[in-house]
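A.B. asks: sequence and computational prediction follow.
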Amino acid sequence: MDDLDDFVPARPILRLLKESGVTDWDPRVVYQLLEYQNSLIEELVSDAKEFAHHRGKKSLSEEDVKLATLSRNVTLNKPKPTPLRLGLRQTSFKVRAQQLPHIQPTEKLRLPKSGTLIMDNFETFTADNS
């Protein structure tokens, strides 16, 4: 199977690569994507079977596949909780729980402290030179 164009299961992957603007790829990439595609479909079919079984049906319906896809998308898009993520989340809750300092009302223009900006990107004018 040196010529991937003749390998029928690879045609959709090749089309997607070309449509995505990829002009050069290792043939092993196509096989890797096919393997991923097959494993994902196997998982979806397995989930859809469970949904059909839960409904008391022996055959899969379109709704079972849709539900399996939706349930899979939720788990694919959510990052896995790791100790670092959990620690960052707890820290962010603590920081957000703190009260912000009260800002005193003033008639003056509030500018950042000197040295806090990389470059001065503003000019100040007084009433005399405006």
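C.D. replies: Looks like it arrived, so ask away. Residues are numbered from 1 along each chain as shown.
A.B. asks: what does the least confident helix or strand in the chain by mean pLDDT contact?
C.D. replies: Within the chain, no helix or strand scores below helix 62-77, which has a mean of 80 by mean pLDDT, DSSP states H and E. The contact list for helix 62-77, computed with C-beta atoms under 8 Å, 6 or more residues apart in numbering, reads 40, 43-45, 47-49, 51-52, 55, 57. (C-beta placed from N, C-alpha, C; glycine too.)
A.B. asks: low-confidence stretches in this protein?
C.D. replies: In the predicted model of the chain, residues 1-2, 74-79, 115, 117-122, 128-130 satisfy pLDDT under 70.
A.B. asks: how far out from the middle of the chain is stretch 41-59?
C.D. replies: Put simply, stretch 41-59 sits 27 Å off its chain's centre (C-alpha atoms, centre = their mean, to the nearest Å).
A.B. asks: cool, stretch 91-104 as well?
C.D. replies: Counting by C-alpha atoms, centre = their mean, stretch 91-104 is centred 29 Å from the centre of its parent chain.
A.B. asks: ditto for stretch 29-43
C.D. replies: Relative to its chain's centre, stretch 29-43 lies at 20 Å (C-alpha atoms, centre = their mean).
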